[in-house]
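Undergrad: got a predicted model here, sequence first, then my questions.
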Amino acid sequence: MAGSYTKKEFGVGPEEQTLLKDSNGTRIVNTKGAEPVRLSPGWEGTNRPDDELNFKGVTMDQADLELNPPKDRLNIILFIMLLHGIGALMPWNMFITAKSYFVEYKLSENYTHVNSTYANNFLSSLGLGAQIPNVIFNWLNIFVTLGGDLTTRIVWGIFMQVLIFIFTVAMAMMDSSTWPGVFFWLTMVSIVILNTANGIYQNSVFGMAAKLPGKYTGAVVLGSNISGTFTSVVSLLAQYFAPNPRTSAIYYFITALFVLLACFDTYFALPINRFYRYHQYLYEKESKKKSEYSSNRPPLWKVFKQCALQCFNVWFVFFVTLSIFPAVQSDIRKSNPDFIVHEDYYPTLMCFMTFNVTAMLGSYLASLFQWPSKKFVILPILLRALFIPLFLVCNYLPKDVTASQRHYILIDDDWMFFAIAVAMGITSGYFSSISMMYCSSSVEPQYASTAGMFGAAFLITGVFSGILFSYVMPIIVKTFG
């Protein structure tokens, strides 16, 4: 072995005699059966290959990172992942929360002086235009390298979203009262482009976070849940401080623009951070070792089989949540006239604000502890399906359905409805977070990024399938009362 010397190798001679005696001529080592003298025993004891022991192919910075593993000082990387989680769901939350701007202002009869169906069809068209490309490109991003590596996909994904929000602000400044049809279709095209870019960006962000410890994937999910609360608060502030809907929309969409620019800037700050560089180095090192025995492309089927259970958990959590929120929950009416929340603010506070705040709280709890284990977490996730009938037997009055037509309103207490809504929001945030964490940690470390991308694809598929299933809820109520 390199760095090991014995008496046999040197032979008997004056050099050996000198080495084995002290200054007084006393022998200090018994030459019979002498043990090897090892150099740098701490490093040799790691049983690393000789090339690695000699730092072959390793820079001084990488060697220093491995000898002195850094910590995430001040949780900077955690907050950056949180910010990217906010940015990942920003387009969907921004457009869905701006319902009043599109439906009650830009496409309304009072503004256009035309009685058209554009306002009535806006939300359904928005859902399809946003989620179909998002689902398609989330899945394509796994099987096809769209636009290169993660850096290229994230940078171009954010850049395209910035351009679309600039276009949306410009459209808000224009007087479109004489061309509502053109405005509607231009908005739909921009939504398709926006969510195509967002599908690639969102999927890549989870792939990026999967290279880090599990709580950083949880931070992205937490950021996604904060995004809804953030947009709701921004919408309220914009409406309060702006003199009219046009100015309010400009302030609102410019805020989204600044958030995306912050995501853009912080992504380029990541390589400067020693903690991120350390985990990036570990990931590349594991990938390089694996590539010596297999092709560079990760075995997708093998990775999927290892994380399939957690992918199902991710899908089912979001399927149940989006089946209820916001379509069903926003149509549950006030039961008691004396309830503390005014009827005008009932949907805003009892639906959007309640869900977004509690989902954010649930995601935060997931960063503190994870229970149950990977094997048994599916049990409470499946039990969440009970929320669907629970919300349907509340005072749910979809369009064209009156209270007199409902025969099975079993929960007509506002506080009881609030308690159910809180439980639904907390469990949605908590189980979505730990399922995504478990997804990345269910595979070998070098495949964590691919597993994270699978999880993100199932997440958006759960959102899309939940939205589609929500269209069945009014039919169930009209059919069975």
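TA: Nice, thanks for sending it over.
Undergrad: where do the strands sit along the stretch 151-300 of the chain?
TA: Remark: strands of the stretch 151-300 of the chain are absent; assignment by DSSP state E, counting those that start in this stretch.
Undergrad: count the residues that sit near the nearest residue to T151 once chain neighbours are set aside.
TA: Nearest residue to T151 in three dimensions, chain neighbours excluded: Y267, at 7.9 Å (C-beta to C-beta, 6 or more residues apart in numbering). Glycine gets a C-beta too; all of them are placed from N, C-alpha and C. Neighbour count for Y267, taken as other C-beta atoms under 10 Å: 20.
Undergrad: distance of Y267 from M453?
TA: 17 Å (C-beta to C-beta, to the nearest Å).
Undergrad: need the pLDDT of the residue nearest to T151.
TA: Here, the pLDDT recorded for Y267 equals 92.
Undergrad: could you do F355 as well?
TA: What the model reports as pLDDT for F355 is 91.
Undergrad: make 830 the first number, not 1, from now on.
TA: Noted, 830 is the first residue going forward, which turns the last one into F1184.
Undergrad: residues touching the residue nearest to it when sequence neighbours are not counted, list them.
TA: Leaving aside its sequence neighbours, F1184 sits nearest to G1254 (C-beta to C-beta, 6+ apart; 4.5 Å). Residues near G1254 by C-beta atoms under 8 Å, 6 or more residues apart in numbering: 1183-1188, 1190-1191.
Undergrad: in strands only, show me the residues you listed.
TA: With DSSP state E as the criterion, strands contain none of the contacts of G1254.
Undergrad: now flag whichever of these is closest to I993.
TA: In terms of C-beta to C-beta, no member of the contacts of G1254 lies closer to I993 than N1185, at 23.2 Å.
Undergrad: and the gap between that closest one and M1282?
TA: For N1185, the distance to M1282 equals 26 Å [C-beta to C-beta].
Undergrad: those two - which one has more neighbours?
TA: Per other C-beta under 10 Å, whichever of N1185 and M1282 has more neighbours is M1282, with 29 against 24.
Undergrad: verify the contact between that one and F972 for me.
TA: No - assessed by C-beta atoms under 8 Å, M1282 is found out of contact with F972, at 9.9 Å.
Undergrad: output the lowest mean pLDDT helix or strand found in this protein.
TA: When the helices and strands of the chain are scored by mean pLDDT, DSSP states H and E, helix 870-873 comes last with a mean of 42.
Undergrad: where does the residue nearest to A948 when sequence neighbours are not counted fall, phi/psi-wise?
TA: Nearest residue to A948, sequence neighbours excluded (C-beta to C-beta, 6+ apart): L936, at 4.2 Å. Torsion angles at L936 (phi, psi; degrees, to the nearest 10) stand at phi -110, psi 10.
Undergrad: can you get me a residue count around L936?
TA: 24.
Undergrad: who's in contact with it?
TA: Here L936 is in contact with 945, 947-948, 951, 1009, 1012-1013 (C-beta under 8 Å, 6+ apart).
Undergrad: if any of those are buried, give me the PyMOL selection for them.
TA: Buried subset of the contacts of L936, written as a PyMOL selection, criterion 16 or more other C-beta atoms under 10 Å:
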select buried, resi 947+948+951+1009+1012+1013
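Undergrad: the contacts of L936 in helices, which ones?
TA: Using DSSP state H, the subset of the contacts of L936 located in helices is 947-948, 951, 1009, 1012-1013.
Undergrad: got CSV for those residues, with distance to V1272 and pLDDT too?
TA: Converted to CSV, these look like this (distance: C-beta to C-beta, whole Å; pLDDT from 0 to 100):
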residue, distance to V1272, pLDDT
Y947, 46, 87
A948, 47, 83
F951, 41, 84
P1009, 50, 92
F1012, 46, 94
F1013, 44, 94
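Undergrad: isn't V1021 up against L955?
TA: No - look at V1021 against L955 with C-beta under 8 Å: they stay out of range, at 10.4 Å.
Undergrad: of the two, which one has the most company?
TA: Taking other C-beta under 10 Å, V1021 and L955 do not tie; L955 has more neighbours (21 against 17).
Undergrad: any idea how far the more buried one lies from S1006?
TA: Using C-beta to C-beta, L955 is found at 21 Å from S1006.
Undergrad: ok, G1036 next?
TA: Using C-beta to C-beta, one gets 44 Å for the distance from G1036 to S1006.
Undergrad: and P1274, by the same measure?
TA: As judged by C-beta to C-beta, P1274 and S1006 stand 57 Å apart.
Undergrad: and Q1199, by the same measure?
TA: Going from Q1199 to S1006 by C-beta to C-beta gives 53 Å.
Undergrad: higher neighbour count, these two?
TA: Set Q1199 next to S1006 and count neighbours by other C-beta under 10 Å: Q1199 wins out with 20 against 14.
Undergrad: T941: how many residues sit nearby?
TA: Using other C-beta under 10 Å, T941 has 20 other residues around it.
Undergrad: grab the nearest non-local neighbour of it.
TA: Sequence neighbours aside, P1009 is the residue nearest to T941 in space, at 4.3 Å (criterion: C-beta to C-beta, 6+ apart).
Undergrad: hang on, that neighbour packs against S945?
TA: Yes - counting by C-beta under 8 Å, S945 is a contact partner of P1009 at 6.1 Å.
Undergrad: CA atoms of stretch 1193-1211 as CSV?
TA: Provided in CSV are the C-alpha atoms of stretch 1193-1211 (Å, rounded to 0.1, in the frame of the first residue of the first chain):
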residue,chain,number,x,y,z
TYR,A,1193,-44.5,24.3,8.6
LEU,A,1194,-45.4,21.4,10.9
ALA,A,1195,-44.0,19.0,8.4
SER,A,1196,-40.6,20.7,8.6
LEU,A,1197,-40.6,20.1,12.4
PHE,A,1198,-41.6,16.4,12.4
GLN,A,1199,-42.6,13.7,10.0
TRP,A,1200,-45.2,11.1,11.1
PRO,A,1201,-46.3,8.5,10.2
SER,A,1202,-43.4,6.7,8.5
LYS,A,1203,-43.1,6.2,4.7
LYS,A,1204,-44.8,2.8,4.9
PHE,A,1205,-47.9,4.0,6.8
VAL,A,1206,-48.4,7.6,5.8
ILE,A,1207,-50.8,6.3,3.0
LEU,A,1208,-53.4,5.5,5.7
PRO,A,1209,-54.3,9.0,6.9
ILE,A,1210,-53.9,10.3,3.3
LEU,A,1211,-56.6,7.9,2.1
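Undergrad: show residues contacting that stretch.
TA: With contact meaning C-beta under 8 Å, 6+ apart, stretch 1193-1211 is reached by 1044, 1047-1048, 1050-1051, 1138-1139, 1141-1142, 1145-1146, 1255-1256, 1258-1260, 1262-1264, 1266-1267, 1270-1271.
Undergrad: tell me the mean pLDDT over stretch 1113-1132?
TA: Stretch 1113-1132 carries an average pLDDT of 72.
Undergrad: over to stretch 1156-1163?
TA: Here stretch 1156-1163 scores 90 as its mean pLDDT.
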